[in-house]
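Asks: What follows is a predicted structure for the sequence shown.
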Amino acid sequence: MKDEIDINNTGLKKNPFKVPDGYFEEFRETLSNKIAEKRAPAGVGFFTILRPQLALFSLFAAIFIIGYGVFSLFPGKSNELEVIGITANSQLLDEGFLKPTFVDFYDFEDDTLYKQSADIGDDELLTYISEHIDIVTLASLD
């Protein structure tokens, strides 16, 4: 069982811990000396100042070299194939093998297939739009 403690006992109210004499005066001097030692310069050299800038420059140089290597190893798509495809399609369109789209109809005034019927009626236009263009495309137009 637990022993009961008498709280009225004066011996229990006495603080058993004591600070040594002159501790705080000595502590102030000791602390000031330690701070002065830490603030003393440790010999700052040229390389110590230049090191962060050199590291940053090296990082950018490495990123540039890696990027240059990737773009030189894997060149972009050539436009020559696209130009050849456009000219081939326009030739097929002129010869009547390809059916022109709605955009082609308005882009080429000299189109041989539709030269006689240059006027489009409102009914034809609405029919074409309802059959070939979705609502999302129409909503995105200004």
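Replies: Now that the structure is in, tell me what you want to look at.
Asks: From now on I want contacts and neighbour counts done on CA atoms only, so please keep to that.
Replies: Noted.
Asks: Point out where this structure drops to low pLDDT.
Replies: 1-2, 40-43, 76-118, 142 (pLDDT under 70).
Asks: mind giving me the domain split of it?
Replies: For the chain, automatic domain parsing gives the domain ranges 46-76, 80-140.
Asks: The shortest one: which residues count as buried?
Replies: It stands for domain 46-76. For domain 46-76, a neighbour-count test (16 or more other C-alpha atoms under 10 Å) marks nothing as buried.
Asks: Please tell me how far I120 sits from H132.
Replies: To H132, I120 is 16 Å away according to C-alpha to C-alpha, to the nearest Å.
Asks: Sorry, wrong one. I was asking about V44.
Replies: Distance, V44 to H132, by C-alpha to C-alpha: 75 Å.
Asks: Over to L126?
Replies: As judged by C-alpha to C-alpha, L126 and H132 stand 10 Å apart.
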